[in-house]
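[1] please work out how this folds:
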Amino acid sequence: MKRMKLVILLIGLSLILAACGKENIETNMSEDVIDFEFTTQDNEKLSLDDLKGQYWLADFVFTNCTTVCLPMTTNMSNLQDMMKEEGLDEKIQLVSFSVDPDRDTPEALKQYAEDYDADLSNWTFLTGYDFETIKEISIKSFKSLLAEPPEDDDQVTHGTRFYLVNPEGKVIKYYNGTESASMHTIVDDMKKLDLE
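    Residues are numbered from 1 along each chain as shown. Coordinates of the predicted model:
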């Protein structure tokens with residue numbers, strides 16, 4: 001009888017551990033990222049397959065933005081510094097998708113990255129697609145509104161969240177990208193992930 005109780009206890013413990021899985025954080029999304037292969041700020045290719053097997057954090061910005069991109073990209077830069085302090089920078093990639101791909105050439109994105117002191121060893125800026133393609137990815141994969149500028153304007157309407165994507169290519173959590181306090185939450189979550 002003791003042996004049977006021990007077996008049941010061990011099975012119960014293994015089920016609890018399996019339920020915890022790799023992500024020991026509270027998630028608020030579960031969406032597969034649509035397959036992609038885009039152009040980086042260095043005029044190289046980066047695909048979803050290249051990112052598989054590791055966690056990455058995504059956002060949507062554009063270089064000509066006069067509003068929300070300024071705090072978002074500042075926060076991403078600060079987050080990158082915080083990740084370095086915690087030794088997370090080599091384990092998690094940062095990916096910024098341009099929502100103004102016609103204007104945001106690789107050269108424009110490279111300058112934008114420099115303006116924000118981005119370390120391009122783990123932060124990539126993407127372009128090389130049409131607006132409809134990035135709109136589909138933004139809405140379907142990240143559940144984030146994206147709309148072309150109104151007439152006589154050059155400001156794209158887009159979401160302000162940062163998105164954590166797991167090694168299988170699934171968006172598992174979003175954060176407020178305009179609030180600096182959210183960066184501490186992101187780092188705390190990153191420290192709980194199984195990054196081996």
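[2] contact partners for Leu120?
    By CB atoms under 8 Å, 6 or more residues apart in numbering, Leu120 lies in contact with Gln41, Asp42, Ala113. (C-beta placed from N, C-alpha, C; glycine too.)
[3] any idea of the mean pLDDT in the helix or strand in which Tyr175 is found?
    Using DSSP states H and E, Tyr175 maps to strand 170-176. Computed over strand 170-176, the mean pLDDT rounds to 97.
[4] what helices and strands are in contact with it?
    The contact analysis (3 or more CB pairs under 8 Å, 6 or more residues apart in numbering; DSSP states H and E) places strand 170-176 against strand 31-32, strand 161-165, helix 181-192.
[5] can you do 6 Å?
    Applying 3 or more CB pairs under 6 Å, 6 or more residues apart in numbering; DSSP states H and E, we find strand 170-176 packed against strand 161-165, helix 181-192.
[6] just to revisit the earlier point, ChimeraX command for the buried members of the contacts of Leu120?
    Here is the ChimeraX command that picks out the buried ones among the contacts of Leu120, judged by 16 or more other CB atoms under 10 Å:
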select :41,113
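[7] format the contacts of Leu120 as TSV; extra columns: distance to Pro106.
    Formatted as TSV, those follow (distance: CB to CB, whole Å):
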residue	distance to Pro106
Gln41	5
Asp42	7
Ala113	10
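[8] just send the contacts of Leu120 back as a markdown table, with secondary structure, pLDDT and distance to Thr133 too.
    What follows is these, written out as a markdown table (DSSP: H, G, I helix; E, B strand; the rest coil; pLDDT from 0 to 100; distance: CB to CB, whole Å):
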| residue | secondary structure | pLDDT | distance to Thr133 |
| --- | --- | --- | --- |
| Gln41 | coil | 98 | 18 |
| Asp42 | coil | 98 | 20 |
| Ala113 | helix | 98 | 22 |
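[9] name the nearest of the contacts of Leu120 relative to Glu148.
    Gln41 (22.9 Å; CB to CB).
[10] what's the local residue count around the nearest residue to Val156 once chain neighbours are set aside?
    Spatial nearest neighbour of Val156, excluding adjacent residues (CB to CB, 6 or more residues apart in numbering): Val99 at 4.7 Å. Residues lying near Val99 (other CB atoms under 10 Å) number 25.
[11] ok, now Pro150?
    9.
[12] ok, it to Thr157 distance?
    As judged by CB to CB, to the nearest Å, Pro150 and Thr157 stand 8 Å apart.
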